[in-house]
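Visitor: just a sequence and a predicted model for now, questions to come.
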Amino acid sequence: MPLMTVREERWPLASAFVISRGARTESRVVVVELRDGAHLGRGEAVPYARYGESVEGVLDEIEAFRDAVECDLDREALQGALPPGAARNALDCALWDLEAKRSGVRAWTRAGFARLDPVKTCYTLSLAEPDAMAAAARAAAGRPMLKLKIGGADDLGCVAAVRAAAPKTRLVVDANEALSFDDLRRLAPEFAQLGVQMIEQPLKAGEDEALEGYDSPVLLCADESLHTRHELAECARRYGAINIKLDKSGGLTEALSLRREAQGLGLHIMAGCMVATSLGMAPALLIAQGARVVDLDGPLLLARDRTPGLTFVGSMIEPPSAALWG
């Protein structure tokens, strides 16, 4: 039976990460380790204040399940024992890793994938003035896709500046709930003219019913509005794509089910992340298989990553080593 260790880790960012809701200079993650003899399973999660989480609260939530975990709680029981969120994600991914280590079978094989292919990730540009975003885009113009953070209806100039600085790069715009429906209707045709391929979460979660029946010229993707399969039917009426993040779904187990059901509804998949280390990205590579957009650049935004980490070749992410996860 496994023994559990849980702790907070702080990872400095290479530069401030700025979105419509604020800025930060470090990533605070929660790491769960499950030790069973020679086998060690690990999972990493990022508590997110937007969803009412804190590092301290998530640590307490996980500690409250110590007895159950150390009595060999399995992943299926975990789904009903904890709500979706960072605590369940850290435990769920640690259990996947431990299962792989115990069995000697890679996690993606256990999940039903014949193989795990490399994927190309977006690279995120923080919200800033147009000149600063253009400079960042120019430095990253060789990457296949850039994701731009915007903070409101006045940021069309930022998108135009990025497009001018990186004319051949695919663009995704992430509003983080900062637009009104009128803003969106005005901006979406402009974004389409600039070659933007996706707009992520334009309206506030819970206030996006106006999207039903709206024929957007740019693909719309639900992020804050979509956590688990519980919101899927509603989002399918409003969006053409969904952003699956393990910290929202509460782990890989629910994320895989969500991915399967969303594809059955004809929705495009975006594999997303919070800013975290390679340990947090590795299980999300299963969700990224065949995804329309992959946004797993968390380690690229850190001042340093953990060792061993994922191998990035430009924007290409190679499958994780067993020493890292799975």
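Guide: Now that the structure is in, tell me what you want to look at. Residues are numbered from 1 along each chain as shown.
Visitor: what about the strands in the stretch 1-150 of the chain?
Guide: 3-19, 22-36, 39-45, 119-120, 123-125, 145-149 (DSSP state E, counting those that start in this stretch).
Visitor: how many neighbours does E261 have?
Guide: 14 (other Cβ atoms under 10 Å). Yep, even glycine has a C-beta here, placed from its N, CA and C like the rest.
Visitor: should've said G104
Guide: Neighbour number of G104 under other Cβ under 10 Å is 8.
Visitor: adding mean pLDDT, mean neighbour count and distance to E231, write the strands of the stretch 1-150 of the chain out as JSON lines.
Guide: Compiled in JSON lines, the strands of the stretch 1-150 of the chain are given as follows (pLDDT from 0 to 100; neighbours: other Cβ atoms under 10 Å; distance: least, Cβ to Cβ, whole Å):
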{"stretch": "strand 3-19", "mean pLDDT": "92", "mean neighbour count": "15", "distance to E231": "21"}
{"stretch": "strand 22-36", "mean pLDDT": "93", "mean neighbour count": "18", "distance to E231": "24"}
{"stretch": "strand 39-45", "mean pLDDT": "98", "mean neighbour count": "24", "distance to E231": "20"}
{"stretch": "strand 119-120", "mean pLDDT": "98", "mean neighbour count": "19", "distance to E231": "25"}
{"stretch": "strand 123-125", "mean pLDDT": "96", "mean neighbour count": "23", "distance to E231": "24"}
{"stretch": "strand 145-149", "mean pLDDT": "96", "mean neighbour count": "23", "distance to E231": "22"}
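Visitor: need the ones you listed in TSV (columns: distance to H230).
Guide: As requested, the strands of the stretch 1-150 of the chain are arranged in TSV below (distance: least, Cβ to Cβ, whole Å):
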stretch	distance to H230
strand 3-19	25
strand 22-36	23
strand 39-45	19
strand 119-120	27
strand 123-125	27
strand 145-149	26
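Visitor: mind telling me what element Q263 is part of?
Guide: Using DSSP states H and E, Q263 sits in helix 252-264.
Visitor: ok, residues contacting that helix?
Guide: Helix 252-264 is contacted from outside by 75-76, 78-79, 84, 89, 92-93, 96, 107, 111, 228-229, 232, 236, 242, 244-246, 249, 269, 283-284, 286-287, using Cβ atoms under 8 Å, 6 or more residues apart in numbering.
Visitor: how near is C221 to W96?
Guide: Counting by Cβ to Cβ, to the nearest Å, the separation of C221 from W96 is 26 Å.
Visitor: A210 too?
Guide: 38 Å.
Visitor: the more surrounded of the two?
Guide: Each of A210 and W96 has its neighbours counted (other Cβ under 10 Å); W96 has more, 27 against 14.
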